[in-house]
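Peer 1: Structure here, sequence nowhere to be found:
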């Protein structure tokens, strides 16, 4: 036991020395020198090791050291926005491609985010089991297969949603506006995603649906525009409808290139991190693939992150009209940091997204007129908080010919 303590203290000291080597503020100066930030970090590490040892020594049952450390890491990240830990297995599935990877598993097709320990649905993927079962954006998943999941790490929530293809899953949903929970049961299935779908409407409108931003989204968008150009002659084409509803986001570079496809000039988005060296500005390059034709962008509460970048860039550069309901308001960039072979990875918020004239996430601008509160559903502990939404009110409009097809999850 004592040797174990010395090993852990040695690890803490090693971390502190590593911090000292990389942080120029880690010094002691003068006869009455006070500990610089590194000394405080070292004291906090000692505090953690002491608590760790007390748990190992005095808890009624012998705990698993790995689970204790993983739980500590998860607890640390739970206090940070849009950040979480992936264990070694989850990280392996995240990065694995090609032969030797696990066979496709059964899933439900939802994107979730953790809000005060609650698993909130950002959106459902197109044609997924969850979408067919009418799981909706902003639903809070309280239970999975009769097991409460409050304060469960996000990667474990995803693991619980996965399972054998065809096996039933039961969700207890706390839905805003409902006093009682909603019980939903459906079968898991392999979730496939077509990032871009296109068709023509009324013989003179090009409809493009982007469901997610992954590596091939921009190329598939270009193909969709070419297909529409073949079906509708340029003089008959009145414009495009770009449907971004229930799009949870995806890759930043794809969002930038999709927005750039419709712009000739202007700023698309900028990223601001804690250090100025992390700041980036993304500007449009000449070449509007829609040839200046009018564009209507449709959004809803499930439009988040990368999809909001596209909608905001096209609106702020006066290239498109945005209609629908308020978007989710997720205005941050996450980066995956591996923490060693076989030890998993940290997913950390590395920067905040800004449009040309304002931050994408407006939670700090809490005017009475635009403040929107996400109430904690009844039966789930937690505190109300300001919702992650656009503060500007966007009226719900419907293009000509869309009558009778209203609703947050309807298709144009």
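Peer 2: Arrived safely. None of the values given here were measured: they were computed from a predicted structure.
Peer 1: And for residue 256, the neighbour number?
Peer 2: Counted with other CB atoms under 10 Å, residues neighbouring residue 256 total 22. (C-beta placed from N, C-alpha, C; glycine too.)
Peer 1: Equivalent analysis for the one 10 residues further on, please.
Peer 2: Neighbour count for residue 266, taken as other CB under 10 Å: 16.
Peer 1: what's the spacing between it and residue 142?
Peer 2: 43 Å (CB to CB, to the nearest Å).
Peer 1: Next: residue 246.
Peer 2: Computed as CB to CB, the residue 246 to residue 142 distance reads 21 Å.
Peer 1: Tell me where the stretch 201-350 of the chain has strands.
Peer 2: Assigned by DSSP state E, counting those that start in this stretch, the strands in the stretch 201-350 of the chain fall at 205-210, 239-243, 267-272, 280-283, 295-299, 321-324, 332-338, 345-354.
Peer 1: okay, the ones you listed in a markdown table with mean neighbour count next?
Peer 2: Formatted as a markdown table, the strands of the stretch 201-350 of the chain follow (neighbours: other CB atoms under 10 Å):
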| stretch | mean neighbour count |
| --- | --- |
| strand 205-210 | 23 |
| strand 239-243 | 21 |
| strand 267-272 | 20 |
| strand 280-283 | 14 |
| strand 295-299 | 24 |
| strand 321-324 | 19 |
| strand 332-338 | 15 |
| strand 345-354 | 19 |
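Peer 1: quick one, which of those is nearest to residue 229?
Peer 2: strand 205-210 (8.3 Å; CB to CB).
Peer 1: so what secondary structure elements neighbour the closest one?
Peer 2: Taking 3 or more CB pairs under 8 Å, 6 or more residues apart in numbering; DSSP states H and E as contact, the helices and strands that strand 205-210 lies on are strand 196-201, helix 217-231, strand 239-243.
Peer 1: Show me how far that strand is from its chain's centre.
Peer 2: Using CA atoms, centre = their mean, to the nearest Å, the distance from the centre of strand 205-210 to the centre of the chain it belongs to is 24 Å.
Peer 1: same question, stretch 42-59
Peer 2: The chain centre lies 33 Å from the centre of stretch 42-59; the measure is CA atoms, centre = their mean.
Peer 1: pLDDT of it, averaged?
Peer 2: Within the predicted structure, the mean pLDDT of stretch 42-59 is 91.
Peer 1: Please enumerate the helices of the stretch 251-400 of the chain.
Peer 2: Secondary structure of the stretch 251-400 of the chain, counting by DSSP state H, counting those that start in this stretch: helices at 252-260, 306-316.
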